[in-house]
Structures are given as C-alpha cells and as structure tokens.
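> Quick one, what's the 3D model for this:
(4 chains)
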There are 2 protein chains.
Amino acid sequence: MNLQSKNNKKELNPSLSVDCVIFGFDLDQLYVLLIDSGSTEAYSQSRMAVPGDLIFDTENLDEAARRVLKELTGIENIYLEQIGAFGDPNRIGKKDSDRKWLESIRAEPNARVITVAYYSLVRMPNFNPKASSFAKSAGWAPVKEVFDLAFDHFDILQAGLDQLKRKIKIQPIGFNLLPEKFTLSQLHKLYECILDKALDKRNFRRKILNLNILTNLEEKQIGVPHKPSQLFKFNEENYKKLSEEGFDNFGF
Amino acid sequence: MNLQSKNNKKELNPSLSVDCVIFGFDLDQLYVLLIDSGSTEAYSQSRMAVPGDLIFDTENLDEAARRVLKELTGIENIYLEQIGAFGDPNRIGKKDSDRKWLESIRAEPNARVITVAYYSLVRMPNFNPKASSFAKSAGWAPVKEVFDLAFDHFDILQAGLDQLKRKIKIQPIGFNLLPEKFTLSQLHKLYECILDKALDKRNFRRKILNLNILTNLEEKQIGVPHKPSQLFKFNEENYKKLSEEGFDNFGF
DNA sequence: ATTTGAAAGTGTTCAAAAGACACATAGCTA
DNA sequence: TAGCTATGTGTCTTTTGAACACTTTCAAAT
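Model prediction:
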C-alpha cells in the first residue's frame, strides 16, 4: 500500500458490501439461497439476488459475512470461505433493471459499490426460509435452475460454485451440507451434484472409507422401502490427523 | 447486496487499495518485490512492504493492480491473479511502527483501508529495480528471508504463496517466471522452489514431457562448464488443447 | 403369504501413474 | 588429460484409478 498521494481526486471511497452464496443440499440436488430484493413499494418486479449487506465500521470481512448469515437464517457457526472481491465500476449498473431498482431505493444510485463475496454451506433443514422473519421473500433455488440474478450475482454464484468444486477435492467440507447422520449414498450423491458428474458407486465407497474419516454408527435407516443403509458420521479427529500428515487430494 | 439501509451510521466508506505480491525467480530461488515505504522525510526507518496503491474511480480491480505493476516495473501483460480481500478493521494499525508511519504521512491515520491483494509472476531480468524511476527503493528479496513486513503484508505474502502453490499444480503458470528459453533443470528447480520440496529428477522430466506442452528448441546451452542442456519453450497451443480436454492435475 | 420394486452392499481384474533408484556423458577448466 | 559439474536416461515395484454385475433387505402392494 502506497498511500502517499493524499489528495488525489481520482481516488475512490466506495461503499463496501459482503455477499453470501449460501449452498444447501436436500439429498437430491444442490440449492442456493436467494432473496427477492424487488417487491418493495417502489419497485415491484421480482429481483432475485444473493443475500448481502454493507459492511459495518468495526467488523472484519468474515464477521460481516457471518452477521448477514445469522440475520438471514439465524444460523451461527456456519462453514464460510471468501470467494474474492468483485469491484467492476459498472458492476451494479449494467442492466436496466438494476439501474431502475437502484434509483428506486438509493440516495446515490450511481455510487460505486465493491463487494467481497463469500460462499457458505448449511444443512438445509436447519433453515426454513418461511419461518424466518427477515426472509419474507427468501427461498432455496436449485442451482441448476438459476440463470439470471441481480447485478453481477450470477458471476458471483458461478465463482462460488467453481471454488466449491475445487475445494471439495482437497478438503471434506461437504459434510457441512449433510445431516449429522448420513448414508454413503447420500454422500455419494452430494459429490456427484457438486462435481456435476457421475461417480462409480463402488469406487467412491472404497475411496471414502479408506480415508478413515467416517465413523460407522452401527445404526440403520428405518422405515425405508428398500434395504436400509448404515448410518455414518464425520470423524473430525481422524480428519485432523489426516490433514496434519499432509493430505491434499480426494482424487474424485 | 442489500442496500436498503440508506443512512445507517454504522456503515462503512473505507478507502480501498490494491496490493501486489510480485514473484520472481532467478533460476535459483523465489523472490518477492518489496518497496521501502519508509525513508521519507517524515519517517526514516526502513519499512518494507508489498507495492500497492489506492484504487481509482473508473478502474476495476484488475486494472488497478495492472496499473500498480506497470508504474512500478514498467511491465505490461503480466500474469495476475486475485488473492482476495483483506479488511480487518485494525489491519493497518496493529503495530507501533505502522501507526507512527501512518501519522507521519496521512491526513486521517485511523481511516480504515480495505485492500484487494493480487499476486503476479514476472521474469525477473525484465525488471531491474535499480533502473526504475518510481522504484527508488524497490528491490527483490528472497521469499525465504522475508519475515516481517508493514501492516498485514506478511499475511498477504503467505496467502499469495499458498495460492501459487495450489495453482501451479493445476495450471502451468510457472512459465511466467522463466525466460522464454529454459532448460528442464530450470523448470525442475522452479517447481522445487515453489512447492518447497525435492522432486525426483527423472520422474519430473517424464511427467512434464508427457504433458506435451514443451517444444524442444533443438538448441543447446553454450559456455556452461558442464554438459550443455537442451533448451525448451512453452507450447501454448498444446496447452490450450490439453486444458480443453479437461486437464486439472500436474500431480507433483 | 407372496410378489414386486428400490436402493444397499460387495470384489476382482486391468491399466495407468507414481515412486524409487544409479551410472554414463559432454563440455569446460586447470 | 584429468577433474569437475550438471545433463540425460530406463526399469522395476507399488499404488491408484477405472470398469463392471449380482445378491440382499426392507416396505408396499396384491
């Protein structure tokens, strides 16, 4: 940082926000939590976006992201990782609909806003949007059915998804999307959804079991109309040992 | 982004900067370009930092980073990748020396500054700090000998190094650090320096040659006091083909 | 009671890649 | 011409990845 140029007119004092791409998984497909930032008095069209807020004075970036998540979903201690900063001068004013919305709602609709994007993984059943007060118009959308979002939020979503794909190959963060007790099939399905490709069932099981980061709960599914599956949970201690040994590849 | 809370006192209008971790390689070890932001009239202690500047009104984040690089080194078209945003409220005021420096040089020494960090890879001989007008006090420091930098720049350096390690395993960006013509030993050494571990010579050669992204120039080193080595160059076309086929692992 | 449907669970074989390892060669220099 | 120094090369073993099909268990329907 070179802040010697004290009074250069060209310098920037933008607003700064965080935006959170919140992923969920319902044992069948991957979802993202979207809010409808339209449907206000002044702007009535639906306008899906990733939740976010301006950053406060005293909080660091992670804290701001956690606050947004907490306010929206009530959930704390969520898995959270920074995607990066998005700061195109025109990022919030590219589309007509964005400009109209900004005019309807902001004192300075042309002010530049730079955002720091995060993605996070939550256990979907822990958050039912309908039950939240904040989220009058929040809901889970299947990631594959999202094509268009406010501002550059579609780019942010894609960047989050890319990072999740990369990350899940080198750290077992996927457990944050599953219930505490889960079956190998569910885990298998999760990896297929995130990586967006089919994985051989037997090979997947062998590999994940060989990692030794699952504890077999010696407990079975009940009430399912087929052979009941063993339930497992994530074994954090073994995972710690594994990572200390310098583990860095799931190889899926 | 949820900008509905127009006039909330707690919101933030920070300054925004970019900081660039510029890596170089002299065929022997990895270097980082540092500037001495001390040695001004008002503050005379040496104070090494990564180069950076405030972001201007009209430029996007990548452009700002490129501008900093250009101004400092005169080099354009450098390989550049965002590391992420660093925004701890206290990131520039943690150390006594930082606070003193800020007081000596800034109108509002306590103003919050959020920075977007980049790392970039340059061919060291293309930039000799001594020859640059801007960089009266810029110089290359061996990465392994850097222990302490201004603000949170040491953290930023480490984050850049980590990202470089990760990235070089899935994209051959290392060529940006080598001269256009290089030997396999030089490439080998580069990978060892970045990954900070020994790699078997024969296995390395086999793997890198099998990728088919090197063109043998049928040209030899001259004047070396040992068996002269073949020279190679990076074959961009073959690399493009390779990545389109879905290549994502160097496996070192 | 029997059948049906649906997902669970399980091993082997083949091919490819990773890892370990040692000596002859070419050019400079003294 | 002897010595130094880094180059360049191949094989074997082990590990990992990929392909592949049938039996089992339970609930639900008949």
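
> Which parts of the stretch 1-150 of chain A are helices?
A:61-73, A:96-105 (DSSP state H, counting those that start in this stretch).

> I'd say residue A:16 and residue A:117 touch.
No. At 12.0 Å, residue A:16 does not count as touching residue A:117 under the criterion of Cβ atoms under 8 Å. The C-beta positions use only the backbone N, C-alpha and C, and glycine is treated the same way.

> Now do the strands in the stretch 151-252 of chain A.
Taking DSSP state E, counting those that start in this stretch as the criterion, the stretch 151-252 of chain A carries its strands at A:214-220, A:230-234.

> Is there any residue in the last one that contacts DNA strand C?
Yes. Looking at strand A:230-234 against DNA strand C by Cβ under 7 Å from any atom of the strand, the contacts come from residue A:230.

> Neighbours of the residue of the stretch 51-200 of chain A found nearest DNA strand C, how many?
Among all residues of the stretch 51-200 of chain A, residue A:185 sits closest to DNA strand C, at 2.8 Å; criterion: Cβ to the nearest atom of the strand. Number of residues near residue A:185 (other Cβ atoms under 10 Å in any protein chain shown) recorded here: 15.

> that older thread, among the strands of the stretch 151-252 of chain A, which comes closest to residue A:93?
strand A:230-234 (43.7 Å; Cβ to Cβ).

> got the angle for that closest one vs strand A:214-220?
Relative orientation of strand A:230-234 versus strand A:214-220 (axes from the mean of the first three to the mean of the last three Cα atoms, to 10 degrees): 150 degrees.

> The residue in the stretch 101-250 of chain A positioned nearest to chain B: how many residues sit nearby?
Proximity of the stretch 101-250 of chain A to chain B (Cβ to the nearest Cβ) peaks at residue A:116, 4.5 Å away. Residue A:116: 27 surrounding residues under other Cβ under 10 Å.

> re earlier: present the strands of the stretch 151-252 of chain A as CSV; the columns should include distance to residue B:101 and mean neighbour count.
Formatted as CSV, the entries for these read as follows, by distance: least, Cβ to Cβ, whole Å; neighbours: other Cβ atoms under 10 Å in any protein chain shown:
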stretch, distance to residue B:101, mean neighbour count
strand A:214-220, 51, 13
strand A:230-234, 46, 18
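
> Output the longest helix belonging to chain A.
helix A:153-168 (DSSP state H).

> which parts of the stretch 51-200 of chain A sit against chain B?
By the criterion of Cβ under 8 Å from any Cβ of the partner chain, the positions of the stretch 51-200 of chain A lying close to chain B are A:51-61, A:82, A:84-89, A:92, A:102, A:105-107, A:112-116, A:150-151, A:153.

> neighbours around residue A:117, how many?
Here the number of neighbours of residue A:117 (other Cβ under 10 Å) works out to 27.

> Do the strand ranked longest in chain A and chain B come into contact?
Determined from DSSP state E, the single longest strand within chain A is strand A:15-25. Yes. Counting by Cβ under 8 Å from any Cβ, chain B has neighbours in strand A:15-25: A:15, A:16, A:17, A:19.

> looking just at contacts, which helices and strands does that strand meet?
Identification of packing neighbours for strand A:15-25 by 3 or more Cβ pairs under 8 Å, 6 or more residues apart in numbering or on different chains; DSSP states H and E yields strand A:30-36, strand A:52-54, helix A:61-73, strand A:79-86, strand A:113-121, helix A:153-168.

> For these, give me a markdown table that also has distance to residue B:76.
Formatted as a markdown table, the helices and strands packed on strand A:15-25 follow (distance: least, Cβ to Cβ, whole Å):
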| stretch | distance to residue B:76 |
| --- | --- |
| strand A:30-36 | 38 |
| strand A:52-54 | 34 |
| helix A:61-73 | 31 |
| strand A:79-86 | 22 |
| strand A:113-121 | 24 |
| helix A:153-168 | 25 |
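
> Reformat those as TSV; add mean pLDDT.
Shown next, in TSV, are the helices and strands packed on strand A:15-25 (pLDDT from 0 to 100):
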stretch	mean pLDDT
strand A:30-36	94
strand A:52-54	93
helix A:61-73	94
strand A:79-86	98
strand A:113-121	97
helix A:153-168	96
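
> Need these in JSON lines (columns: distance to DNA strand D).
Converted to JSON lines, the helices and strands packed on strand A:15-25 look like this (distance: least, Cβ to the nearest atom of the strand, whole Å):
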{"stretch": "strand A:30-36", "distance to DNA strand D": "22"}
{"stretch": "strand A:52-54", "distance to DNA strand D": "38"}
{"stretch": "helix A:61-73", "distance to DNA strand D": "33"}
{"stretch": "strand A:79-86", "distance to DNA strand D": "24"}
{"stretch": "strand A:113-121", "distance to DNA strand D": "24"}
{"stretch": "helix A:153-168", "distance to DNA strand D": "14"}
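
> Roughly how far does the closest residue in space to residue A:163 that isn't next to it in sequence sit from residue B:70?
The spatial neighbour of residue A:163 that comes closest, neighbours along the chain excluded (Cβ to Cβ, 6 or more residues apart in numbering or on different chains), is residue A:83 at 5.6 Å. Per Cβ to Cβ, to the nearest Å, residue A:83 is found 27 Å from residue B:70.

> And the two? Which one has more around it.
residue A:83 (25 against 14).

> returning to what we had before: mind checking which of the helices and strands packed on strand A:15-25 is nearest residue B:199?
Checking these against residue B:199 by Cβ to Cβ gives helix A:153-168 as the closest, at 22.7 Å.

> which residues are contacting that closest one?
A:19, A:21, A:23, A:32, A:49-50, A:81, A:83-84, A:86, A:115, A:117, A:119, A:121, A:143, A:146-149, A:173-174, A:191, A:194-196, A:250, B:1 (Cβ atoms under 8 Å, 6 or more residues apart in numbering or on different chains).
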